[in-house]
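Enquirer: Here you go, sequence then predicted model.
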Amino acid sequence: QERLPLSRVVYVSATGASDPKHFQNMSRLGLWGPGTSFRDSTMFIQEINKGGVGAMELVAMHMKANGQYLSRSLSFKGANFEVVQVQLDTAFSDMYDKAVELWVDVITAIRDTEAKWVDRKRNMTSLLWGAHQRFFSQLVMSAKVKTVVDLVRVALAEGK
């Protein structure tokens, strides 16, 4: 987003305006930097945290007024849910196996250097396993996309 300043960007967050650190990767919103009250994202986070929930509400109101923030609550009234088992193809299984091998190498390399960061071991371990979990969650979710698209097409063709 920094390298392509004229590109359009849409930020999506499941947590909404609940914590100022959730905005840190959203540099194009203009919440900090020249022309704002905050020098950088670090200052933004620190100052908004000082203000608590009230400050976050003000940020959300400011963004809504500028057309930068949309918050919706979804109703599931009348929704039907169905569990569909996705058949994995050989290409995905191979990719998954290679990802496992990669993560084994990454974890081994990090464990081999543990002595260098012993004072931060707890934080590093948490970051490592958090990244590991997010990676595989996204990988498994990606395996479902084709099936979901096919189901949506069939539903649309049936007028649903």
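Expert: Yep, it's here.
Enquirer: Can you show me the helices along this protein?
Expert: Across the chain, reading from the start of the chain, the helices by DSSP state H fall at 41-65, 90-112, 121-157.
Enquirer: Out of these, which is closest to residue 80?
Expert: Across the helices of the chain, residue 80 has its closest neighbour in helix 121-157 (10.8 Å, Cβ to Cβ). C-beta coordinates here come from the backbone N, C-alpha and C atoms, glycine included.
Enquirer: on that earlier part again, please identify the deepest-packed of the helices of the chain.
Expert: Among the helices of the chain, helix 41-65 has the highest mean neighbour count (mean count of other Cβ atoms under 10 Å), at a mean of 14.
Enquirer: average pLDDT across it?
Expert: The pLDDT scores in helix 41-65 average 88.
Enquirer: Dump the helices of the chain into a markdown table; add distance to residue 9 as well.
Expert: Below are the helices of the chain laid out as a markdown table (distance: least, Cβ to Cβ, whole Å):
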| stretch | distance to residue 9 |
| --- | --- |
| helix 41-65 | 14 |
| helix 90-112 | 28 |
| helix 121-157 | 20 |
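Enquirer: closest to residue 78 out of those?
Expert: Taking the helices of the chain one by one with Cβ to Cβ, helix 121-157 is closest: 14.5 Å.
Enquirer: mind checking how far that closest one is from the chain centre?
Expert: Mean C-alpha position of helix 121-157 versus that of the full chain (Cα atoms, centre = their mean, to the nearest Å) differs by 11 Å.
Enquirer: Can you name every helix or strand that it contacts?
Expert: Under the contact criterion of 3 or more Cβ pairs under 8 Å, 6 or more residues apart in numbering; DSSP states H and E, the helices and strands touching helix 121-157 comprise helix 90-112.
Enquirer: which other helices and strands contact the helix it packs on?
Expert: Packing contacts for helix 90-112, counted by 3+ Cβ pairs under 8 Å, 6+ apart, involve helix 121-157.
Enquirer: what's the angle from the helix it packs on to helix 90-112?
Expert: Interaxial angle, helix 121-157 versus helix 90-112 (axes from the mean of the first three to the mean of the last three Cα atoms, to 10 degrees): 170 degrees.
Enquirer: That concludes my questions; thank you for your assistance.
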